[in-house]
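Visitor: Return a 3D structure for these sequence lines:
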Amino acid sequence: MRRMNFLFAALLAAVLPAQADVYELPPEGYDVIGAITIVTARYEDTLVDIARRHGLGYQDIVRANPDVNVWVPGEGTEIVLPTRFVLPPGPRKGLVLNLAEYRMYYFPEPRSGEPAYVYTYPMSIGRMDWETPLGTTKIVALAKDPAWYPPQSVRDEHAADGDPLPRVVPPGPQNPLGTRAMRLGLPGYLIHGTNRPAGVGMRVSHGCVRMFPEDIEFLFDRIRVDTPVRIVNVPVKIGWNGEELVAEVHPLLETPQQLVGETEEHLERLDVEVEVPAVIVDTKDPLTYVTEQFIAATSVRAGLLDWERVEEVVIRADGIPETVGESIKNAATSAAFE
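Guide: Below is the predicted model of the structure:
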């Protein structure tokens with residue numbers, strides 16, 4: 001019977017989207033979770049299908065597989081799953097949303113006598129003209145099957161495009177909020193599901209945070225009102241993995257970038273609207289972010305970076321963590337740490 005249950009569970013895992021990536025929080029001195037894995041594409045797969053099954057968003061899977069056709073990977077093609085993460089800097093409490101990597105981390109309060117865990121999910125964020133705000137807030141309300149009351153600015157935008165919206169969109173398949181919504185203390189902003197899941201992991205919303213339907217439903221049952229929420233924009237994360245310094249680098253949000261392999265066909269097939277900025281808004285050099293995160297990571301423990309390796313990772317900016325340095329046994333003898 002146990003073998004039959006195992007086979008049934010394996011079959012479900014193969015055909016249903018993943019509900020969460022959950023990891024036991026690493027011990028002190030470790031900031032890295034997960035592992036890079038490889039799966040083989042099936043005949044009917046797209047990269048978007050594979051991403052959703054493994055808790056990844058559009059940008060995650062495309063950047064990790066730049067030479068693979070998004071819509072026809074090809075049966076037998078090996079697909080890299082970028083499911084290794086450097087935990088975001090700062091307190092590991094409540095929800096942490098890192099806009100630069102289109103990813104959310106949930107740190108629930110550990111139960112007495114049990115280890116602490118972290119859940120992580122892909123998410124969509126606001127377009128250039130409807131940016132998701134940064135800052136610290138909290139969950140102030142939870143709603144199942146919410147109605148959507150489009151703000152006047154959104155109704156005006158749709159009207160200008162010849163697609164007028166009603167004042168209220170009731171629950172159902174046409175509701176862009178999906179089946180669950182969590183209201184933030186920032187007026188007008190939500191974390192919610194979507195009726196267009198193919199756009200998760202992209203910059204497509206009007207400022208709210210979108211999640212896969214199965215992810216928001218899984219999280220909704222575990223979150224509570226007053227859960228703290230911290231929204232950051234950290235394109236470079238550096239942390240410790242034992243004696244190694246590991247860097248995870250994502251493209252800057254402010255830099256004009258075409259989506260990898262972006263074509264009109266891609267956008268039509270995803271059924272999403274994508275806003276690509278035409279100018280550089282922030283000219284901050286990525287290596288400045290590296291320096292900031294390196295200083296933070298080594299504020300207590302001395303470390304040395306391989307800057308040649310760092311530059312390679314920054315240029316690639318594919319979100320795959322790489323070892324870029326190591327601890328210093330005797331910081332007093334190292335000019336790099338002085």
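Visitor: where does stretch 181-192 sit relative to the chain's centre, distance-wise?
Guide: Chain-centre distance of stretch 181-192: 18 Å, with Cα atoms, centre = their mean, to the nearest Å.
Visitor: List the buried residues for it?
Guide: Residues of stretch 181-192 classed as buried: 181-184, 186, 189-192 (neighbour count, 16 or more other Cβ atoms under 10 Å). (Each C-beta comes from the backbone N, C-alpha and C, glycine too.)
Visitor: now do stretch 216-234
Guide: 216-220, 223, 227, 229-234.
Visitor: Out of those residues, the closest to R203 would be?
Guide: Closest approach to R203 among those (Cβ to Cβ): N233, at 12.1 Å.
Visitor: what's that closest one in contact with, if anything?
Guide: In this structure, N233 makes contact with 98-100, 134, 253, judged by Cβ atoms under 8 Å, 6 or more residues apart in numbering.
Visitor: One more: P176?
Guide: Residues near P176 by Cβ under 8 Å, 6+ apart: 148, 169, 194-196.
Visitor: So which of the residues you listed belong to strands?
Guide: In strands, judged by DSSP state E, none of the contacts of P176 are found.
Visitor: quick one: which of the residues you listed is most hemmed in?
Guide: T194 (23 neighbours; other Cβ atoms under 10 Å).
Visitor: This protein: helices as residue ranges?
Guide: Assigned by DSSP state H, the chain shows helices spanning 2-15, 47-53, 58-64, 152-160, 213-220, 264-270, 286-297, 307-316.
Visitor: Tabulate the CA atom coordinates of the third one in CSV.
Guide: The reference is to helix 58-64. Once non-C-alpha atoms are left out, helix 58-64 reads as follows in CSV (Å, rounded to 0.1, in the frame of the first residue of the first chain):
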residue,chain,number,x,y,z
TYR,A,58,9.2,33.2,-16.7
GLN,A,59,12.4,35.2,-16.2
ASP,A,60,13.9,32.5,-14.0
ILE,A,61,13.6,29.7,-16.5
VAL,A,62,14.4,31.8,-19.6
ARG,A,63,17.6,33.4,-18.2
ALA,A,64,18.8,30.0,-17.0
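Visitor: A116 touches P27, doesn't it?
Guide: No. Taking contacts as Cβ atoms under 8 Å, A116 lies outside contact range of P27: 10.2 Å.
Visitor: out of the two, which sits in the more crowded spot?
Guide: Set A116 next to P27 and count neighbours by other Cβ under 10 Å: A116 wins out with 13 against 8.
Visitor: what's near enough to touch that one?
Guide: Shown in contact with A116 (Cβ under 8 Å, 6+ apart): 24-25, 92, 107, 110.
Visitor: now D145
Guide: Contacts for D145 (Cβ under 8 Å, 6+ apart) come out as 171, 179.
Visitor: Could you report the separation of it from L190?
Guide: Using Cβ to Cβ, to the nearest Å, one gets 14 Å for the distance from D145 to L190.
Visitor: next one: T132
Guide: Here T132 is placed at a distance of 11 Å from L190 (Cβ to Cβ).
Visitor: what sits in contact with each of the two?
Guide: Residues touching both T132 and L190 (Cβ under 8 Å, 6+ apart): 208-209.
Visitor: Which parts of the stretch 1-150 of the chain are strands?
Guide: Assigned by DSSP state E, counting those that start in this stretch, the strands in the stretch 1-150 of the chain fall at 21-24, 32-34, 37-40, 78-81, 84-86, 94-98, 103-107, 117-122, 125-126, 135-144.
Visitor: Adding distance to S327, mean neighbour count and mean pLDDT, write these out as a markdown table.
Guide: Putting the strands of the stretch 1-150 of the chain into a markdown table (distance: least, Cβ to Cβ, whole Å; neighbours: other Cβ atoms under 10 Å; pLDDT from 0 to 100) gives the following:
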| stretch | distance to S327 | mean neighbour count | mean pLDDT |
| --- | --- | --- | --- |
| strand 21-24 | 23 | 16 | 93 |
| strand 32-34 | 14 | 20 | 98 |
| strand 37-40 | 27 | 12 | 97 |
| strand 78-81 | 28 | 17 | 98 |
| strand 84-86 | 16 | 23 | 98 |
| strand 94-98 | 25 | 24 | 97 |
| strand 103-107 | 25 | 22 | 97 |
| strand 117-122 | 23 | 23 | 97 |
| strand 125-126 | 34 | 23 | 79 |
| strand 135-144 | 31 | 15 | 96 |
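Visitor: Correct me if wrong: F220 contacts M182.
Guide: Yes. Assessed by Cβ under 8 Å, F220 is found in contact with M182 at 6.9 Å.
Visitor: which outside residues touch stretch 26-42?
Guide: With contacts defined as Cβ under 8 Å, 6+ apart, stretch 26-42 is touched by 21, 23, 25, 50, 54, 73-87, 118, 120, 239-242, 246, 297, 301, 320-321.
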